[in-house]
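Visitor: Return a 3D structure for these sequence lines:
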Amino acid sequence: MDASISRITDYASALAYGDLPAQVVHECKRRIVDSIGCALGAFDEEPSRIARALAARVEVSDGARIFGAAQRSLPELATFANGVMVRYLDGNDVFPGGGGHPSDVIPAVLAAVDVAGADGPAAITAIVLAYEIYGGLFRAACMRDRGLDHVFYTAVASAVGAARVLGLDRTRIAHAVALAATPNIALHATRRGDLSMWKGVAAGNAARNGMFAALLAARGMTGPDQAIDGSHGLRELLGNFQLGEFGGNGRPYQLPRSDLKYFLTEFHSQSPITAAIELRRQVAVEDIEAVTVHTYWFAWSEIGSEPEKWHPTTRESADHSLPYILAAVLIDGRFSDDIFSPACIRDPRIHELADRIAVNEDPEYSRQFPGKIPCRIEIRTRSGKALVAHVDYPRGHSGNPMTDEEVSDKFRMLAERKLDKGQAERALEVMWAFDTATGLDALFESVHIGR
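Guide: Numbering: from 1, shown residues only. Predicted structure coming up:
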């Protein structure tokens, strides 16, 4: 195997639950709560229903379970269904700057735990491991800079996390890495132009492919032994890169570095939303003449530059459209993901105000990113008054973290779309005690819809 795969497999084989600081274990539980809340909130969305219908074609007595449902399916199909639900509302955590959403690995790890009959500590260890691989790949080689999609990290990290739970030895973990890396180079076209359902589904598909790679390796399937460093491998495609040191032995872990989302929308809109809510308290929407947003290059490029961002026609485009989001927030005076409903997307008031919103890159803000997530919004009123608000660290960012109670409140807000209050509280109890869980029965029973 090549040197990069060897480093990954050595780390995957050696990491132990006892190595993990209590703070990392706690942060892992926060992300489990957050991710499953996002999944329940997205349960009725069309892509979620499509994914569950595909999984429902196969009933497997010893398979993996699907959030909200009683059925067990093939672990790769359960991973896909759960992964789509976790990701679709764009509410799960993020590595800013093209790093995507590392909690996309959680559905693959939980599927492996379910079929292996493993416990909470094993799941936490594998999730932390998957975050290490995911973050290590992202910080070494940003796929977005090459026109490729960040879900590649999801595929490889999911394969490693699942392989660890399934008890694969070092050689088979290496094959799982190769089997995930070689066929899963995805295009960033997923996130450009008029966005389709695939924007919210691509990560679930990558997690499914990572799960499948681990299952293949478990059965003895081999993959290219030079998939990363060899001829025509990943390094040749992306250019030279070097994996950094993984967490442990005094080095920080990747998982606590991911930022949670306070608002259920694209991460780079979090600071602008915060600033817009502050300004809306100072002005009536009918008095707004023009709005100018000053932000860093990545936010401008991702959610504030293409023509489609001013007049989105799909949910996927709307939650990646900064002018649309800000217009809706300024009209309502608050944020709710109701703004992504079909009725709101057709609301002429939002589109008319969006036409009066300009988005500009501020080079100084670009230099500060991603250490800061800076944004300045200027509103000019019809009477000529100027109002300004500035935000560096939106709520949920590691520089302004959400409290545990806020994480729980976000879960309640999402889960209670499908669960009653008592059941939602029971689910929270189970997840906050996940480090003592002997299996996943209590978790899946607590989020079973219709019990």
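Visitor: Ramachandran coordinates for the residue nearest to residue 107 when sequence neighbours are not counted?
Guide: When the adjacent residues along the chain are set aside, residue 107 lies closest to residue 82, with 3.8 Å between them (CB to CB, 6 or more residues apart in numbering). C-betas here are computed from N, CA, C, even on glycine. Its backbone dihedrals place residue 82 at phi -70, psi -40, with angles given as degrees, to the nearest 10.
Visitor: secondary structure element for the residue of the chain most remote from its centre?
Guide: Most distant residue from the mean C-alpha position of the chain: residue 383, 42.3 Å away (CA atoms, centre = their mean). With elements taken from DSSP states H and E, nothing contains residue 383; it lies in neither a helix nor a strand.
Visitor: How much space separates it from residue 301?
Guide: 34 Å (CB to CB, to the nearest Å).
Visitor: Now residue 349: closest residue in space, sequence neighbours ignored.
Guide: Using CB to CB, 6+ apart and skipping the chain neighbours, the partner closest in space to residue 349 is residue 331 (5.9 Å).
Visitor: Also residue 274?
Guide: residue 391 (4.7 Å).
Visitor: so how many other residues sit close to the one you found?
Guide: Here the neighbour count serves as a burial measure; for residue 391 (other CB atoms under 10 Å) it reads 23.
Visitor: ditto for residue 226
Guide: 18.
Visitor: I'd assumed residue 67 was in contact with the residue nearest to residue 107.
Guide: Yes: at 5.3 Å, residue 82 counts as touching residue 67 under the criterion of CB atoms under 8 Å.
Visitor: more neighbours, the two?
Guide: Legend: neighbour count by other CB under 10 Å for residue 82 and residue 67, higher for residue 82 (31 against 26).
Visitor: Next up, the contacts around the more buried one.
Guide: Listed by CB atoms under 8 Å, 6 or more residues apart in numbering, the contact set of residue 82 reads 39, 66-67, 107, 110-111, 204.
Visitor: Next, format these as JSON lines and append pLDDT, distance to residue 257 and secondary structure.
Guide: Converted to JSON lines, those look like this (pLDDT from 0 to 100; distance: CB to CB, whole Å; DSSP: H, G, I helix; E, B strand; the rest coil):
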{"residue": "39", "pLDDT": "98", "distance to residue 257": "23", "secondary structure": "helix"}
{"residue": "66", "pLDDT": "97", "distance to residue 257": "30", "secondary structure": "coil"}
{"residue": "67", "pLDDT": "97", "distance to residue 257": "26", "secondary structure": "coil"}
{"residue": "107", "pLDDT": "98", "distance to residue 257": "21", "secondary structure": "helix"}
{"residue": "110", "pLDDT": "98", "distance to residue 257": "22", "secondary structure": "helix"}
{"residue": "111", "pLDDT": "98", "distance to residue 257": "25", "secondary structure": "helix"}
{"residue": "204", "pLDDT": "98", "distance to residue 257": "23", "secondary structure": "helix"}
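Visitor: Give me the buried subset of these.
Guide: 39, 66-67, 107, 110-111, 204 (16 or more other CB atoms under 10 Å).
Visitor: Pick out whichever of these sits closest to residue 26.
Guide: residue 110 (18.2 Å; CB to CB).
Visitor: Tell me which residues of stretch 386-398 come out buried.
Guide: In terms of neighbour count (16+ other CB under 10 Å), stretch 386-398 has its buried residues at 387, 389, 391-397.
Visitor: picking up where we left off before, could you report the distance from the residue nearest to residue 274 to residue 273?
Guide: Separation of residue 391 from residue 273 (CB to CB) stands at 9 Å.
Visitor: ok, now residue 110?
Guide: Spatial separation of residue 110 from residue 273 under the definition CB to CB is 30 Å.
Visitor: do the same with residue 198
Guide: Separation of residue 198 from residue 273 (CB to CB): 25 Å.
Visitor: Neighbour count: those two, which is higher?
Guide: Per other CB under 10 Å, whichever of residue 198 and residue 273 has more neighbours is residue 273, with 25 against 14.
Visitor: Mind telling me what element that one is part of?
Guide: Take DSSP H and E as the rule and residue 273 turns out to sit in helix 270-280.
Visitor: For that helix, C-alpha coordinates in PDB please.
Guide: The C-alpha atoms that make up helix 270-280 are tabulated as PDB, following Å, rounded to 0.1, in the frame of the first residue of the first chain:
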ATOM      1  CA  GLN A 270     -25.000  32.500   9.300                       C
ATOM      2  CA  SER A 271     -23.100  35.800   9.900                       C
ATOM      3  CA  PRO A 272     -25.200  37.700   7.400                       C
ATOM      4  CA  ILE A 273     -28.400  36.400   8.900                       C
ATOM      5  CA  THR A 274     -27.300  37.500  12.400                       C
ATOM      6  CA  ALA A 275     -26.400  40.900  11.100                       C
ATOM      7  CA  ALA A 276     -29.700  41.200   9.200                       C
ATOM      8  CA  ILE A 277     -31.800  40.300  12.300                       C
ATOM      9  CA  GLU A 278     -30.000  43.000  14.300                       C
ATOM     10  CA  LEU A 279     -30.600  45.600  11.600                       C
ATOM     11  CA  ARG A 280     -34.200  44.700  11.200                       C
END
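Visitor: Identify the residues contacting that helix?
Guide: Residues outside helix 270-280 that contact it (CB under 8 Å, 6+ apart): 261-263, 265, 293, 295, 299, 322, 325-326, 329-330, 333-335, 373-377, 379, 387-397.
Visitor: can we see that at 7 Å?
Guide: By CB atoms under 7 Å, 6 or more residues apart in numbering, the residues outside helix 270-280 that reach it are 261-263, 293, 295, 322, 325-326, 329-330, 333-335, 373-375, 377, 379, 387, 389-391, 394, 396.
Visitor: can you check stretch 216-234 too?
Guide: The list of residues contacting stretch 216-234 from outside it, by CB under 7 Å, 6+ apart, reads 1-5, 163, 166, 168, 172, 175-176, 178-179, 181-182, 235.
Visitor: Which parts of this structure are strands?
Guide: Secondary structure of the chain, counting by DSSP state E: strands at 64-65, 72-73, 288-295, 357-361, 375-381, 386-391.
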